[in-house]
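# I would like to see how this sequence folds:
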Amino acid sequence: MGRDLDDVDRSILYLLQQDARNSTAQDIADPIGVSPSTVRNRIGQLEADGIIRGYHPEIDYEAANLPLQVTFVISVPPAELTEYSENVRGIQGVIDMREMLTGRRNVHVDVVGTSTADVTRITDAVHDLGVQIESAEMLRRRYVQPFNHFFLQGEDTMAAHDTDDAEPVN
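Next comes the predicted model:
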């Protein structure tokens, strides 16, 4: 199970979601009202706890000459979900896969390609796995934004949390 996050943790996560690549510990520390070493220690702990699982580029696939982006909505028997998940992620062109908690249409797979031939090849590969594609929807535009629950509480409440300057103890 997860752990409770305090205002400092939530604020760090919010700022990292805005621009992790170009944010220094100082850039994050200033609006929160803590020291850069607190930010570094907290990020290390958030990574160790599995809350931050990676830093991924946001890719403009159209600019990378992969103009077709399609989401397949698929029905997979729940008992076969793990096996199917491994197989579908092995198909060239698959960039994202989400397993839904409930419902018959329980897998959403995002794919990219340069042509309808690419999308057809991926479609055929999915069908070869023995599952039914319920729908295929072409992406027009995607917007990503930080989860609004991770927000800055204000310097007054943040300064009280600036107690993480020591190196973490393992």
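
# Please count neighbours and contacts with C-alpha atoms only from this point.
Fine.

# middle-most residue in the protein, spatially?
Among the residues of the chain, residue 56 comes closest to the average C-alpha position under C-alpha atoms, centre = their mean, at 7.8 Å.

# Tell me the pLDDT of that residue.
Looking at residue 56, its pLDDT reads 86.

# Which element, helix or strand, includes it?
Using DSSP states H and E, residue 56 sits in no helix or strand.

# Any figure for the gap between it and residue 134?
29 Å (C-alpha to C-alpha, to the nearest Å).

# do residue 67 as well
Counting by C-alpha to C-alpha - residue 67 and residue 134 are separated by 22 Å.

# of the two, who's got more company?
Legend: neighbour count by other C-alpha atoms under 10 Å for residue 67 and residue 134, higher for residue 67 (15 against 12).

# residues in contact with that one?
61, 112-115 (C-alpha atoms under 8 Å, 6 or more residues apart in numbering).

# Now distance to residue 82, neighbour count and secondary structure too, for these, in a markdown table please.
Shown next, in a markdown table, are the contacts of residue 67 (distance: C-alpha to C-alpha, whole Å; neighbours: other C-alpha atoms under 10 Å; DSSP: H, G, I helix; E, B strand; the rest coil):
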| residue | distance to residue 82 | neighbour count | secondary structure |
| --- | --- | --- | --- |
| 61 | 28 | 14 | coil |
| 112 | 22 | 24 | strand |
| 113 | 25 | 22 | strand |
| 114 | 29 | 16 | coil |
| 115 | 29 | 13 | coil |
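
# got those residues as JSON lines, with distance to residue 130 and pLDDT columns?
Shown next, in JSON lines, are the contacts of residue 67 (distance: C-alpha to C-alpha, whole Å; pLDDT from 0 to 100):
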{"residue": "61", "distance to residue 130": "28", "pLDDT": "91"}
{"residue": "112", "distance to residue 130": "21", "pLDDT": "95"}
{"residue": "113", "distance to residue 130": "22", "pLDDT": "94"}
{"residue": "114", "distance to residue 130": "25", "pLDDT": "94"}
{"residue": "115", "distance to residue 130": "24", "pLDDT": "94"}
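
# backbone phi and psi for the residue nearest to residue 97 when sequence neighbours are not counted, please?
Spatially, and ignoring its direct neighbours in sequence, residue 97 is nearest to residue 109 (4.4 Å; C-alpha to C-alpha, 6 or more residues apart in numbering). Backbone torsions for residue 109, taken as degrees, to the nearest 10, come to phi -120, psi 120.
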